[in-house]
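Asker: any chance you can model this:
(chains A, B, C and D)
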Number of protein chains: 4
Amino acid sequence: MVSTIQSNKNIDYRAVAAKVAQVLVDSAAERDRLGGLPEEEIQLLKESGLLLLAVPQEYGGVGASWSEIYQVVQTLSAADGSTGQLYTNHVVLVNLGQAVGRIGQAEQLYCLTSEHNLFWANAVNARDARLKITPDGDRFLVNGIKSFGTGVAVGDLNVIAAVHQSIDDPITFILPKDRAGITYNYDWHNMGQRRTASGSYTFNNVYVNPAEILGPPPVFESAFPTLIFLVAQLSKTFVYLGIAEGALAAAKAYTTTNTRPWLSSGVDRATKDPYILHHYGEFWTQLQAAIALAERAAQKIDLGWQQGVSLTFEERGDIAVSVSAAKAFAAQVGLDITTKMFEVTGARATALRYGFDRYWRDLRTFTLHDPVDYKLRDVGNWLLNDIFPTPSQYS
Amino acid sequence: MVSTIQSNKNIDYRAVAAKVAQVLVDSAAERDRLGGLPEEEIQLLKESGLLLLAVPQEYGGVGASWSEIYQVVQTLSAADGSTGQLYTNHVVLVNLGQAVGRIGQAEQLYCLTSEHNLFWANAVNARDARLKITPDGDRFLVNGIKSFGTGVAVGDLNVIAAVHQSIDDPITFILPKDRAGITYNYDWHNMGQRRTASGSYTFNNVYVNPAEILGPPPVFESAFPTLIFLVAQLSKTFVYLGIAEGALAAAKAYTTTNTRPWLSSGVDRATKDPYILHHYGEFWTQLQAAIALAERAAQKIDLGWQQGVSLTFEERGDIAVSVSAAKAFAAQVGLDITTKMFEVTGARATALRYGFDRYWRDLRTFTLHDPVDYKLRDVGNWLLNDIFPTPSQYS
Amino acid sequence: MVSTIQSNKNIDYRAVAAKVAQVLVDSAAERDRLGGLPEEEIQLLKESGLLLLAVPQEYGGVGASWSEIYQVVQTLSAADGSTGQLYTNHVVLVNLGQAVGRIGQAEQLYCLTSEHNLFWANAVNARDARLKITPDGDRFLVNGIKSFGTGVAVGDLNVIAAVHQSIDDPITFILPKDRAGITYNYDWHNMGQRRTASGSYTFNNVYVNPAEILGPPPVFESAFPTLIFLVAQLSKTFVYLGIAEGALAAAKAYTTTNTRPWLSSGVDRATKDPYILHHYGEFWTQLQAAIALAERAAQKIDLGWQQGVSLTFEERGDIAVSVSAAKAFAAQVGLDITTKMFEVTGARATALRYGFDRYWRDLRTFTLHDPVDYKLRDVGNWLLNDIFPTPSQYS
Amino acid sequence: MVSTIQSNKNIDYRAVAAKVAQVLVDSAAERDRLGGLPEEEIQLLKESGLLLLAVPQEYGGVGASWSEIYQVVQTLSAADGSTGQLYTNHVVLVNLGQAVGRIGQAEQLYCLTSEHNLFWANAVNARDARLKITPDGDRFLVNGIKSFGTGVAVGDLNVIAAVHQSIDDPITFILPKDRAGITYNYDWHNMGQRRTASGSYTFNNVYVNPAEILGPPPVFESAFPTLIFLVAQLSKTFVYLGIAEGALAAAKAYTTTNTRPWLSSGVDRATKDPYILHHYGEFWTQLQAAIALAERAAQKIDLGWQQGVSLTFEERGDIAVSVSAAKAFAAQVGLDITTKMFEVTGARATALRYGFDRYWRDLRTFTLHDPVDYKLRDVGNWLLNDIFPTPSQYS
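Answerer: Modelled structure (predicted):
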């Protein structure tokens, strides 16, 4: 399977994504109900070849641009928010070497990934400082706990961040699936994105080889290393857009087949109801605006990524503002659609066999990754004061 | 227990409701997870004496006004939307005899209820015409199926509506719990209001005695009989308000104890975050506006109810407009609060052990009972054209 | 005229207000266009007897409650926002003696007002510290400039605040109309509330007698003296509500007589258009919610005012929260209605002869008195942290 | 001047537009106050060369694409909504020959325009049927009145539509400036777009030569002739966007220089106020989303225009949906910004010398051209029912 992918760099990834999405959407409500580990989803992604979309062609991948990758993120997320999140993390993580790796590390990680068709996951949540790394002879030991470790239980390569006693920033390293001492606590019992295995992981004397540590990047003064955070932020935006798009498609399918006209509406079909038509007009208009805004930011991301270490902080700042705006807007639009989709489908659409509430639960959960209010404040601070968002995991 | 209640008409029903609410809220997330029959909830209501709140004192009840009853509805719904819905149906149904019963029927039903402390439920959904009633000698037989039969599986007295071949309006009758031939299909697998047993019921040659048929009311030309529909519509409004109130209280409890200040907020506690404070200010303001609007409508309901059969259609129309406005507004405010409560609590508040998504799921489900858009159209039609909403189950 | 009023304390002030409003509304668009001094408006108020509404009966006034006064404020403001603002300032200022006067000062000012049927105005804007007061022998001299001196040019008694070199809080004093040295700069050329003469006033060696200084109040530790600020804040709220109500009434009158159905609407009259009906339903619903919320706050103001110096800071705080919520909500609702009223009237309704834009201009201008955002923050801060708004001119 | 332009087809029209906009913005508030005929504005446009932007190069024009033209529309409208509207009408009208002219008519009109640097205006309002055209020998006579004749008083070539007794659709013709019998009634006394001379025109025995009649187009079955209506609808959209952009720029300039921090904000500059920053973030985000959506529609317009008579009704329908969505969204965003800009500038920004209310007045007036609600209904009808908007002047 893997060799097939590698030999077929002209993969029509959009068609592949659409096909994967179709498989996912059919079982999404049921998998949402079950929760648990997304093993079949990762298997599906592996078999599809989509894991190599973000690996450059010279290292055996498809070499798609971020704009192209984001479209796949959106398509998958429209079918299944959880898989969308896992996939979007993967495409970003697989490029961590390029962003912040030391010389040669990107190439090594790209090759490793494409050779074995590997899935990447991570537990780097900057707001949880309970995981510690300490020197131990010529290697390191990691102990403690880390929350929000999305997909690590099913990851082939897992990016982990831990705090070192005498260094300000956490140390980030990449561990293979079989590294001893890592235990998933099976505690992702949350209301949305239920198949992401985003719970906590306990580390008990997990060793880390120096070679497994990520970075340091060769050019520190560049804005490029922190561009990856914006790549990731915008990638999440496309998950939001996908979920909203999926909700709208599901609503449309239901309204046109199941919804009955209201008693006093004076129309004989729900699809002629003036308020239902108006709601759909609003949904589509808002969603297209959000997509247009995000795609503009994606074009900037593409250009910024191409610049590599010559990217200036001003250029990065400009991208950061666009990404912040796109993310905040997509969140607002998506929440509106996933709540109001019921007003155009009706009471019987609340039956669990349709699973329509998962759109709201997934989006509501994932849009809490970091607060929309501070995205908007950052945009305002730039507009009013010419101050760019401070580079961070979130901006 | 029952005798205690009957002997104590000066029951401090607010304190009792608060106590029942406390019991309910502690287990609400777990019961929401389980779904199933609300047997323990109904038992709790029975033991509390609250079932007799809406029964006049002369027939062994507390004789509370609708305004007073609505406060209890709100209190219970803040704890548990499902129980709130069951209770609100009960208080309305127990007054059906007064509204549309034939002479003497109200008294009989009130006495029966208070003597045995009975819980009422119903399956009268006007949009489902699959249940048929046919004459069979000196009684009737009922066959078919009825959806949205909230709580019938646990009702002591169940109000059912079925279609008679040669009569325009459906025939409504009241059956005791043990009437043979009624089967619950255990099919209320819906995203919200999960402990209301609102699924479908199959009727197989269920007999109905003529005495069990409700009505006809003595004065047909009065607006009073259809006032009960407005009583019910406003009662649902207080369920909405209760759910929103419960969500706000839960959010506050969480924010003040669990939420961490955002990294770039510049404050050391989430409770000092300017955006979080602003959100809470919005929530409370909107909710109080919705409560104030609904309480105004409740005062009108009280006055209208007191007038009895002398109620004019113009007076009823004025009440209908107020109720429509209050219901539409409460739905909008509630959906806003139950969605945005997560922006003031944060990502970790999505853990299922908190069960915070049930507020949105419950409210979203129950607010689909009938469309908000047509409520607002009706209000506009009155304002612009002096046309009152056509009396119906929904207006 | 005045004697008539004084002898008729049972004045039907609502009918009087309605009559005054009718006179005002007929010329409102024209006076808005002209700007200039509101001399005829004040004359109208004087002749109506409404100036004495807020003066206790024992001092020759009507002795209306704040709730009653606010209804008059709303009625006048529905006709003409400028007059509403002038009147609302008057009713508050006439009670300043009661709130913060020294012993006997309230009685003296009430009597003076009712005896001569006086109109009060003020220039106390706390944000402008350019007006200075200095001792000069046994009296004081005032020099400088003060902006936002609403109506001082037409005031019989003018409340002025000036900064004293060695005292923290500004000194407030009351000057008669003919005091030498006060010049209106005729600089209220603003987009709304154009007939309030709210420009700046220059003071050139204006003397102030010690007896003209307001206060100090006898009981400093009471919350009562600062209750007057809340009385004023809520009074402004009723101006907002009145303007919104006036806009809605004007829109309705236009839609029902002038608006044509849209080409593709499928209806033969604009009053049957589903979207127009829906908008009107929204307008009315929101406005009633805002009125209900404000009237609740008014009831609290009534109770608080009755308590006088026994009012506790906790009670005041509770009132402050209710007033803040009501004011913020009224502003939001009013802006929505005054903007969207054009969507239900149409392009031809923008003709200046209708003057419909004055509703938005008046409301937009007056709602900037102090920021809505901080009102909501204050409400949130109380809800979350049990901290009452700090007593001030604005909270 | 004209020859200069014609010889310089590589005009940097963006720089020219920016320069013209700068001139316009400096006097916009004053001209808004005055109303009257936009003679100096048209003179300015003539001198700038921008009138020939929409004329193909082969006929002496610049030959800009619609996307390019729309940018100029936006730039001019940011400075002055009235001039933006006049200009946007011109660029559309100058292409009427191309859209619906008979063979050779487009070329003739383009050449005439570029040779004499002519400004086009129109009075074609489909909702006013009072203007009649009747045969009179070998020519026609026009009598009656036509409202909303934007700019005809200053137009060199005026497109007029009048009703013919025996033909369904109105007849459209093009008259030169000096044609006898046309009188402007100087009755554009409206709240916004005050320098567009959009009042009514009286026609008294105005003759029309057959050659002056527009059309008929050679290919009736094509969707191309009605594409011009979409070109015009989207052009108006860019006027909306421009006005919103101008409002945001004006607000920013004011906040950063004039607005004072609120008393209880805890910050020392308004530009650090968390709520002000948040508002600006919202404004910019919404505006960029609206621009992105409109620019997508503009790209479709470009492609559709290039197709000419081979444009299918399905392709036109797709464009119509995109244009409807963009127009509705721009209107909503613009109204929000032009109302809320005052919350980030404050009470003193209502002074007429700033003229900030003209943004709302202009936008509010022009967005009433045709109802937003029906735009959204049309989008919903397409999404749900695959029905394209019926081609018309408005869709």
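
Asker: show me the contacts for the nearest residue to residue A:160 once chain neighbours are set aside.
Answerer: Here the nearest residue to residue A:160 in space, its sequence neighbours aside, is residue A:123; by C-beta to C-beta, 6 or more residues apart in numbering or on different chains that works out to 5.2 Å. Heads up, the C-betas are built off the backbone N, CA and C, glycines and all. For residue A:123, the contact set (C-beta atoms under 8 Å, 6 or more residues apart in numbering or on different chains) comprises A:131, A:146, A:147, A:148, A:149, A:150, A:152, A:158, A:159, A:160, A:161, A:201.

Asker: neighbours around residue A:128, how many?
Answerer: Using other C-beta atoms under 10 Å in any protein chain shown, residue A:128 has 17 neighbouring residues.

Asker: between the contacts of residue A:123, which is closest to chain D?
Answerer: For the contacts of residue A:123, the closest approach to chain D (C-beta to the nearest C-beta) belongs to residue A:148, at 26.0 Å.

Asker: now name the helix or strand holding the closest one.
Answerer: Per DSSP states H and E, residue A:148 falls between elements, in no helix or strand.

Asker: and the gap between the residue lying closest to it once chain neighbours are set aside and residue A:132?
Answerer: Excluding the flanking residues, the one nearest residue A:148 by C-beta to C-beta, 6+ apart is residue A:125, at 4.4 Å. From residue A:125 across to residue A:132, the span is 14 Å (C-beta to C-beta, to the nearest Å).

Asker: looking at these two, which has the bigger crowd around it?
Answerer: Using other C-beta under 10 Å, the more surrounded residue of residue A:125 and residue A:132 is residue A:125, with 21 against 18.

Asker: for my notes, confirm that one occurs in a helix.
Answerer: No - Residue A:125: not assigned to a helix; according to DSSP: H, G, I helix; E, B strand; the rest coil it is coil.

Asker: list the helices and strands the helix or strand encompassing residue A:373 packs on?
Answerer: Using DSSP H and E, the element containing residue A:373 is helix A:372-385. Applying 3 or more C-beta pairs under 8 Å, 6 or more residues apart in numbering or on different chains; DSSP states H and E, one finds that helix A:372-385 contacts helix A:313-340, helix B:274-307, helix D:227-255, helix D:274-307.

Asker: any idea how many residues pack against the residue of chain A found nearest chain C?
Answerer: In chain A, the residue that lies nearest chain C is residue A:274 (4.2 Å; C-beta to the nearest C-beta). Neighbour count for residue A:274, taken as other C-beta under 10 Å: 24.

Asker: what residues are up against it?
Answerer: Counting by C-beta under 8 Å, 6+ apart, residue A:274 touches A:267, C:274, C:275, D:377.

Asker: from these, which would you call buried?
Answerer: Buried subset of these (neighbour count, 16 or more other C-beta atoms under 10 Å in any protein chain shown): C:274, C:275, D:377.

Asker: ok, so of the residues you listed, who is nearest residue D:59?
Answerer: residue D:377 (39.4 Å; C-beta to C-beta).

Asker: look up how far residue C:275 lies from the closest residue in space to the closest one that isn't next to it in sequence.
Answerer: In space, and not counting its chain neighbours, residue D:377 is closest to residue A:277: 4.8 Å by C-beta to C-beta, 6+ apart. Residue A:277 is 10 Å from residue C:275, where distance means C-beta to C-beta.
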